[in-house]
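K.L.:
Sequence and predicted model, in that order:
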Amino acid sequence: MSFFDEVLRNMETANSVFDDAFDGRLGSKVEYTLPNYPPYEVKKSKDGTLKAKFALAGFKKEDLEISFEENAIVLKTVDGFKKEENEDETYISHQKIRIEPFKTKLYVPESKYNFGEVKASTANGTLLIEIPPKEKREYKPVSIE
């Protein structure tokens, strides 16, 4: 078992104990995710489009789900996601690629960006989400008569 697998297992145990203690008192279970996973970068193009690129080596597009919440775009693995097991490989000497269930939120103000025109594509182990800006309104001064 790698160091990260052991840390993740310990976090899951602690989360389970916490959830059991507070389940019902807070209304619903608290959701936990690993910080900074998956790695991503966000850039803004000259036309104002936000481009979020996520490093997702080992994931297929069928494994991922993009949804919306108030002022946020949510990227997560589909419910029931499981890492494919290769029965021929019994020992991993080094594991630097994480293929684990996750949920991450990208906070984007709905007042400035058009959630109805979001595009997503995959290539070379990355997922690119493009969020165009809303059209700017031109306000004219009001003349007083």
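P.N.:
Arrived safely, thanks for sending. Numbers count the residues shown, from 1 in each chain.
K.L.:
Show me the shaky parts of this structure.
P.N.:
Along the chain, the parts satisfying pLDDT under 70 run over 1-35, 84-97.
K.L.:
burial count for the closest residue to Glu69 other than its chain neighbours?
P.N.:
In space, and not counting its chain neighbours, Glu69 is closest to Lys105: 7.1 Å by CB to CB, 6 or more residues apart in numbering. (Glycine included, C-beta is placed from N, CA and C.) Under the neighbour criterion other CB atoms under 10 Å, Lys105 is assigned a count of 14.
K.L.:
Now do the same contact list for Lys105.
P.N.:
Lys105 sits next to 69, 72-75 when contact means CB atoms under 8 Å, 6 or more residues apart in numbering.
K.L.:
Could you turn the buried ones of the residues you listed into a PyMOL selection?
P.N.:
Buried members of the contacts of Lys105, defined by 16 or more other CB atoms under 10 Å, are picked up in PyMOL with:
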select buried, resi 73+75
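K.L.:
Much appreciated, bye for now.
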